[in-house]
Every structure is written in structure tokens, then in C-alpha cells.
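In: structure of the sequence below:
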Amino acid sequence: DKDNSLVIELQKIRGRKIQLGMDNGKYSIIKTKSNGKLMIAQVNIKPYAKLNVTNKNFVVASKEHTIARGSSFNRSDYRIVPVRFEVIPFMTREKVICKSMFNLLGSHCTRLEGFALGVGPNIVSEDSGFTEISAIGNFVGGNAHSFQLSSVINKTNGSMTGSQISGVMNKVGDNFSGFQIAGAINMVSKDVTGMQTAGAFNIANGKMDGMQIAGAFNIVRDEASGMQLAGAFNTAKKPFVGTQMATAFSIANETVHGAQINGGLSYANKGISGLQISGAASYTSGMLSGLQIAGAFNYAKQVTGAQLGTINIAGNTLGAQLGVINIAGNISGLQLGLINIAEKQKGIPIGLINISANGSVDLISWIDSQEGGMAGFRFRSNHIYSIISFGLDYSQNFDPKKRFVMAYYMGAHIPVLSLFYINIDLGFVSNDKANVFNYQKGIDTLHMQGRLIAGFSPFNRLALFGGVGLDYGFGAAKKITTGEF
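Out: Have a look, this model is predicted:
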């Protein structure tokens with residue numbers, strides 16, 4: 001094409017027509033004949049146009065010599081030195097291949113194909129292989145396929161396969177495959193395959209396939225698979241497959257397939273398939289397929305799985321929310337908490353207050369033969385409801401100090417025909433016959449109740465109901481097993 005990039009290569013039988021669909025633009029068509037002659041045709045394809053190419057379009061093309069790709073290394077250009085010993089580095093334009101190299105204050109060689117040992121730095125201008133050990137540092141200008149050990153720094157400008165161990169810092173300017181261990185810092189300019197372990201931090205500016213362990217933080221600026229373990233935080237800029245664990249937080253800017261386990265925050269921007277566990281908050285603005293657990297707050301745009309936390313917030317949910325406050329869009333599953341809120345409830349809400357768009361919040365009042373007059377709120381969500389009510393115990397002759405009743409019921413609402421319904425519920429009732437809110441043995445009573453109710457609703461939000469119930473009452477002075485029906 002116009003950028004001199006190969007678009008298509010094919011073989012064509014003489015006389016057979018071939019049709020190709022191409023983008024509009026200028027192209028060079030190069031034909032290699034059976035006698036080795038090259039022919040070329042320059043064409044310009046217009047938008048939405050058809051162009052016929054025949055032999056008349058081709059002219060003879062000139063040939064060029066093949067150019068070797070990759071390294072231009074020619075061994076005959078180098079002088080081979082079996083053993084090299086230097087007090088200080090001796091820099092020269094002569095190209096030298098060192099089979100072994102030793103120094104007091106430093107040494108230099110063009111290429112290393114063996115062992116380098118010194119108190120001072122080992123300096124290799126081009127590629128290095130086998131082993132480099134220095135009290136100060138090892139420096140390679142090209143690629144390295146070796147083991148590097150230093151008390152201060154190891155630095156390779158090109159790609160490296162092998163190991164780097166240093167007291168302070170390891171750095172590779174291209175791809176790295178192997179393991180890096182540093183007292184402070186490991187840095188790789190492109191992809192990492194293997195392991196990075198550092199006292200402070202690890203950085204992979206490309207992809208990472210393996211493990212990062214750091215006292216402070218780990219950073220991967222492209223795709224990552226494996227594990228990140230940090231004393232403070234982990235970040236991955238592209239999709240992450242594996243496990244992120246940190247004391248403070250882990251952040252994945254795209255999707256996570258695996259687990260995030262953190263003391264503070266777990267964040268997967270575009271979704272997570274697996275597990276999020278955090279001491280404070282777990283968050284994804286995408287799809288959660290799995291489990292979110294947090295001490296304070298969970299959020300997911302969409303859930304297939306479960307959320308467990310103090311406050312759970314999600315969009316459409318297929319699964320469960322278990323917490324103090326649960327908020328969801330359309331939910332099919334379970335909400336278990338003190339307050340459950342849903343845009344549309346298709347599952348089972350179990351809580352003190354249940355609210356949904358396909359439910360209602362109603363004022364309710366009744367009189368029963370056990371507690372007297374009662375009034376409160378009924379929170380109905382789909383076919384499940386809860387009632388919080390208060391009442392007067394008229395058996396105490398309406399003494400203000402001996403009449404307060406509190407009750408909580410939870411049950412099922414079953415529509416029958418268009419105007420009738422049946423409710424079945426279970427309740428817990430506290431009857432303060434003495435000081436209100438002060439439970440006193442032998443005086444106050446607790447009750448567990450089961451009720452069967454029939455209702456008639458001639459108008460929306462207005463109903464008349466009545467029913468029967470079974471009451472089991474016991475006082476604090478008695479055991480629960482010695483109550484009375």
C-alpha cells in the first residue's frame with residue numbers, strides 16, 4: 001500500500017480471474033514470473049469503484065539485494081581475549097570478545113561470552129552472556145543472557161533472559177524473562193515474564209506474566225497475568241488475570257479475572273470475574289461475576305453472584321445481597337438486611353424494611369385479642385412484606401406506664417382473584433407491662449405469633465382484613481420452652 005506495507009500475497013493460475021475487495025488508495029502490485037523476472041503495476045483504487053488489472057498494467061521492475069535483518073554482529077570483526085584483567089576500565093574502539101574478565105576498580109569489554117568478576121563495575125558495550133558479579137554494578141549496553149549479581153545496581157539496556165540480583169536496583173531497557181531481586185527497585189521498560197521481588201517497588205512498563213512482590217507497590221502498565229503482592233498497593237493498567245493482594249489497595253483499570261484481596265480498597269474498573277475482598281470497599285463499574293466482600297461498601301454496575309458488606313449497591317442483580325443496607329436495580333434472588341431497596345423485586349427480600357417499585361409502603365392498623373390496638377407500616381416488595389407496628393395493651397386499663405407494645409412481622413402476600421388476597425406471616429411481639437423499653441422479669445412478656453389473614457381490597461391501597469393466629473407467650477422469668485400457647 002502507500003505505506004509500503006504488505007497487504008496480501010497469493011498465487012494465481014494463468015487465465016483464471018481473481019476478485020479482491022480492497023480499501024481505496026494507491027497500491028503497488030508486484031508479480032514474480034516463473035523465470036524469476038519481477039513485474040510491477042501501480043494502481044489507484046477509487047472509492048466504490050471497480051478496477052481491472054491485466055498484463056498490460058505491468059512493467060519490468062528492478063531487483064534489490066537482500067538486506068539481513070536483526071543483529072549485524074560479525075565475529076570476524078572482533079578480537080577474542082580468553083582472560084582480561086583490568087585495574088580500571090580501559091575504553092577503546094577496538095572490538096573485543098572477552099571469555100573471562102576480572103577487575104579491581106572496573107573493567108570494560110565489547111562483548112562478554114563468559115565470566116566477569118570484579119570489585120568495581122563490569123561494563124559490556126554490546127551483548128553479554130553467562131555470569132557477571134560485581135561489588136558495585138554490572139552494565140550491559142546490548143542484550144544479556146546471563147546471571148547478574150551486584151551489591152548496588154544491575155543495568156541492561158537491551159532485552160534480558162536470566163537473573164538480576166542487587167542490593168539496590170535492577171533495570172532492563174527492553175523485555176525481561178527470568179527473575180529480578182532487589183533491595184529497593186526493579187524496573188523493566190517493556191514486558192516481564194517471570195518474577196520481580198523488591199524491598200520498595202516493581203515496575204513493568206509493558207506486559208507482565210508471572211509475579212511481582214514488593215514492600216511498597218507494584219505497577220504493570222499493560223496486560224498482566226499472575227500475582228501482585230504489595231505492602232501498600234498494586235496497579236494494572238490493562239486486563240489482569242490472577243490475584244492482586246495489598247495492605248492498602250489494588251487497582252485494575254480494565255477487567256479482572258481472578259481475585260483482589262486488600263485491606264482497604266479493591267477496584268476493577270471494567271468488571272471482575274472472581275472474588276473481591278476488602279476491609280473497606282470493593283468496587284467495579286462493570287459486571288461482577290462472583291463474590292464481593294467488604295467491611296463497609298460494595299458497588300457493582302451489574303451482578304451475577306453475591307455481595308456481602310455493610311452497604312451493598314448494584315444495578316441489575318442475579319444472586320444475593322447480604323448486608324445492613326442493600327440497594328439494587330432489578331433483582332432476582334435474595335436480599336437479606338435491615339433495609340432492602342430494589343427497583344424491581346423478583347426474588348425474596350428479608351429485612352426490617354423492604355422497598356421496591358413493584359411493591360408498596362402502606363399504613364396499617366388492626367385490633368387483636370392478645371395485644372389490643374396496633375398501628376404501623378407495611379413494607380411490601382413483590383409478594384414478600386414486613387410490618388413494623390406499635391400498640392396499646394388495653395388489658396392494662398390504659399395506664400400510660402403499662403400499655404406499650406412493639407411488634408415485627410414478616411410474611412407472604414398471595415393475591416386471590418382481583419380484589420381478594422391471603423397473607424401468611426410470622427411475628428415477634430414485645431409487651432412492656434411496666435416501664436417502657438425496660439424489660440423486667442416476671443412482668444413483661446414476649447410473644448411469637450403465626451397469623452393467617454384474609455383481605456378484601458376494593459380500591460388501590462385500601463383494604464379490609466381479618467384473620468386468626470397462634471400466640472406463644474413467655475416471660476423473662478421463664479425459659480422459652482416453658483411458655484404458653
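In: from here on, just use CA atoms for contacts and neighbour counts.
Out: Will do.
In: which residues of the stretch 351-485 of the chain fall in strands?
Out: 353-356, 360-368, 372-381, 384-392, 404-416, 420-432, 445-459, 462-475 (DSSP state E, counting those that start in this stretch).
In: need the per-residue pLDDT for Ser369.
Out: As predicted, Ser369 sits at a pLDDT of 82.
In: what about it, how many residues close to it?
Out: Ser369 has 11 neighbouring residues, counting by other CA atoms under 10 Å.
In: from Leu392, how far out is it?
Out: According to CA to CA, to the nearest Å, Ser369 stands 12 Å off from Leu392.
In: show me where pLDDT drops low in this structure?
Out: Residues of the chain that meet the criterion pLDDT under 70 lie in 65-72, 91, 393-403, 433-443, 475-480.
In: reformat the strands of the stretch 351-485 of the chain as JSON lines; add distance to Leu308 and mean neighbour count.
Out: JSON lines is the format used below for these (distance: least, CA to CA, whole Å; neighbours: other CA atoms under 10 Å):
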{"stretch": "strand 353-356", "distance to Leu308": "18", "mean neighbour count": "25"}
{"stretch": "strand 360-368", "distance to Leu308": "26", "mean neighbour count": "15"}
{"stretch": "strand 372-381", "distance to Leu308": "21", "mean neighbour count": "20"}
{"stretch": "strand 384-392", "distance to Leu308": "21", "mean neighbour count": "23"}
{"stretch": "strand 404-416", "distance to Leu308": "22", "mean neighbour count": "19"}
{"stretch": "strand 420-432", "distance to Leu308": "26", "mean neighbour count": "19"}
{"stretch": "strand 445-459", "distance to Leu308": "29", "mean neighbour count": "16"}
{"stretch": "strand 462-475", "distance to Leu308": "34", "mean neighbour count": "15"}
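In: can I get the ones you listed in CSV including distance to Ala236?
Out: Formatted as CSV, those follow (distance: least, CA to CA, whole Å):
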stretch, distance to Ala236
strand 353-356, 38
strand 360-368, 45
strand 372-381, 41
strand 384-392, 43
strand 404-416, 46
strand 420-432, 51
strand 445-459, 54
strand 462-475, 57
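In: Asn52: which of those is closest?
Out: With CA to CA as the measure, strand 353-356 is the member of the strands of the stretch 351-485 of the chain nearest Asn52 (66.6 Å).
In: in its sheet, what does that closest one sit against?
Out: strand 339-345 (parallel) (DSSP bridges).
In: check which element follows the strand it pairs with along the chain.
Out: Downstream of strand 339-345, the first helix or strand assigned by DSSP states H and E is strand 348-350.
In: what lines up beside that next one in the sheet?
Out: Strand pairing for strand 348-350, using DSSP bridges, gives strand 325-336 (parallel).
In: only alpha carbons, please: show the partner strand as PDB.
Out: Provided in PDB are the C-alpha atoms of strand 325-336 (Å, rounded to 0.1, in the frame of the first residue of the first chain):
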ATOM      1  CA  ILE A 325     -28.500  -1.800  53.600                       C
ATOM      2  CA  ASN A 326     -29.000  -3.400  50.200                       C
ATOM      3  CA  ILE A 327     -29.800  -1.400  47.100                       C
ATOM      4  CA  ALA A 328     -30.300  -3.000  43.700                       C
ATOM      5  CA  GLY A 329     -31.900  -2.400  40.300                       C
ATOM      6  CA  ASN A 330     -33.900  -5.400  39.000                       C
ATOM      7  CA  ILE A 331     -33.000  -8.300  41.300                       C
ATOM      8  CA  SER A 332     -33.700 -12.000  41.000                       C
ATOM      9  CA  GLY A 333     -32.500 -13.700  44.200                       C
ATOM     10  CA  LEU A 334     -32.200 -12.800  47.800                       C
ATOM     11  CA  GLN A 335     -31.800  -9.500  49.700                       C
ATOM     12  CA  LEU A 336     -31.000 -10.000  53.400                       C
END
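In: closest one to Asn262 among the strands of the stretch 351-485 of the chain?
Out: With CA to CA as the yardstick, what comes closest out of these is strand 353-356 (31.5 Å).
In: show me what that closest one is in contact with.
Out: Under the contact criterion CA atoms under 8 Å, 6 or more residues apart in numbering, strand 353-356 has outside partners 338-345, 361, 379-382, 385-386.
In: quick check: beta-bridge partners of Asn170?
Out: Beta-bridge partners for Asn170, by DSSP bridges, are Asn154, Asn186.
In: okay, now it: neighbour count?
Out: A count of nearby residues for Asn170, using other CA under 10 Å, gives 31.
In: looks like it contacts Ile185 (just checking).
Out: Yes: in this structure, Asn170 is within contact of Ile185 by CA atoms under 8 Å, at 6.4 Å.
In: how far does stretch 313-324 stretch from start to finish?
Out: Chord length of stretch 313-324, first to last residue, is 11 Å (CA to CA).
In: identify the bridge partners of Ser365.
Out: Beta bridges link Ser365 to Ala375 when assigned by DSSP bridges.
In: tell me the buried residues in the helix or strand hosting Lys301?
Out: Here Lys301 sits within strand 297-308, counting by DSSP H and E. The neighbour-count check on strand 297-308 (16 or more other CA atoms under 10 Å) flags Phe297, Asn298, Tyr299, Ala300, Lys301, Gln302, Val303, Thr304, Gly305, Ala306, Gln307, Leu308 as buried.
In: which pair in these spans the largest distance?
Out: Greatest spacing in those, by CA to CA: Phe297 and Thr304 (17.5 Å).
In: which ones are touching Gly359?
Out: Contacts for Gly359 were tallied using CA under 8 Å, 6+ apart; they are Gln345, Phe379, Arg380, Ser381, Asn382, His383.
In: ditto for Gly120
Out: Applying CA under 8 Å, 6+ apart, the residues near Gly120 are Ile88, Asn103, Leu104, Leu105, Gly106, Ser107, Ser134, Ala135, Ile136, Gly137.
In: swap the cut-off to 7 Å and go again
Out: Neighbour list for Gly120: Asn103, Leu104, Leu105, Gly106, Ser134, Ala135, Ile136 [criterion: CA atoms under 7 Å, 6 or more residues apart in numbering].
In: check Asn202 too.
Out: If you count contacts by CA under 7 Å, 6+ apart, Asn202 has them with Ile185, Asn186, Met187, Gln196, Gln212, Ala214, Phe217, Asn218, Ile219.
In: just curious, which of these is nearest to Gly473?
Out: The closest of the contacts of Asn202 to Gly473 turns out to be Phe217 (CA to CA; 60.0 Å).
In: mind putting the contacts of Gly359 in a markdown table, distance to Gly315 included?
Out: Below are these laid out as a markdown table (distance: CA to CA, whole Å):
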| residue | distance to Gly315 |
| --- | --- |
| Gln345 | 12 |
| Phe379 | 21 |
| Arg380 | 20 |
| Ser381 | 17 |
| Asn382 | 18 |
| His383 | 21 |
